[in-house]
Each structure stands twice: as structure tokens, then as C-alpha cells.
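Student: From the sequence below, what's the structure:
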Amino acid sequence: VFNVTGGGSLCAGGAPVAIGLSGSEVGVNYTLVRDGATNVETIAGTGAALAFTTQNTAGTYTVVAQNATTTCQQNMTGTAAVVVNPLPTVF
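Tutor: Reported below is the predicted structural model:
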């Protein structure tokens, strides 16, 4: 069992937020999914922790693991939220 890592606050115009996976298995493809509907990126397992491209879109991110041979798939443990915080208004 591997955990989804990263996430956090993203200020308007700020640097994107990192999302990763604490580990992976060779022969398994991992898909980063935003808000349970949008497939963002798929990368192959390496036997080590994975880093997806940094994200700049607000949402709740999860990871789906799919065995490349059997096509059996499973949601990974945990989520990473990206929250966009607007810049403060100066009066």
C-alpha cells in the first residue's frame, strides 16, 4: 500500500504544487486523477517513489494503480488537495 503525497495551497500566480506517490511497483501504471473524473497523467511504476508533474489546478487528486498485464486496478491510499488562494486585496 502506497500513499498519495504532496498537495497544499497555491497562491494566484504562485509556483505549482507537487503531488507524488510514496512508492510504486514495476509492471503497474499509476494515473493521477483530479476530482474523480479527469485523468491528468499516467506514469509507469519504477519500484520507488514517484513524482507526477506539478499541478496548478485546484482540486482533489487521487491515484489509480493498474496492473499492465492483468488490467486489474485499485485506488491508492489517500488524496492530495490543491487549494488556490487568491492574492489578498489591498485597500
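
Student: Mind checking the pLDDT average for the top strand by length along the chain?
Tutor: Looking only at the chain and at elements set by DSSP state E, the strand with the highest residue count is strand 59-67. Confidence for strand 59-67, expressed as mean pLDDT, is 93.

Student: Which positions in stretch 69-87 come out as buried?
Tutor: Judged by neighbour count using 16 or more other CB atoms under 10 Å, the buried positions of stretch 69-87 are Met76, Gly78, Thr79, Ala80, Val82. For every residue, glycine as well, the C-beta is placed using N, CA and C.

Student: so Asn75 touches Gly36, yeah?
Tutor: No - the criterion here is CB atoms under 8 Å, and Asn75 misses it with Gly36 at 9.6 Å.

Student: which residues are in contact with the helix or strand where Thr5 lies?
Tutor: Secondary structure assigned from DSSP states H and E places Thr5 in strand 4-6. Contacts of strand 4-6 from elsewhere in the structure, counted by CB atoms under 8 Å, 6 or more residues apart in numbering, are 17-22, 49, 61-63, 76-80.

Student: partner strands of it, parallel or antiparallel?
Tutor: Listed by DSSP bridges, the sheet partners of strand 4-6 and their directions read strand 19-21 (antiparallel).

Student: I'd like to know which elements the helix or strand following the partner strand is packed against.
Tutor: Following strand 19-21 in sequence order, the next helix or strand is strand 28-34 (DSSP H and E). Other elements packing on strand 28-34 under the criterion 3 or more CB pairs under 8 Å, 6 or more residues apart in numbering; DSSP states H and E are strand 38-44, strand 59-67.

Student: let's see it at 10 Å
Tutor: For strand 28-34, the contact count by 3 or more CB pairs under 10 Å, 6 or more residues apart in numbering; DSSP states H and E identifies strand 19-21, strand 38-44, strand 59-67, strand 73-75 as packing neighbours.

Student: Tell me where the model's unsure across this protein.
Tutor: Under the criterion of pLDDT under 70, the regions of the chain flagged as low confidence span 86-91.

Student: Gly45 and Asp35, how far apart?
Tutor: According to CB to CB, to the nearest Å, Gly45 stands 24 Å off from Asp35.
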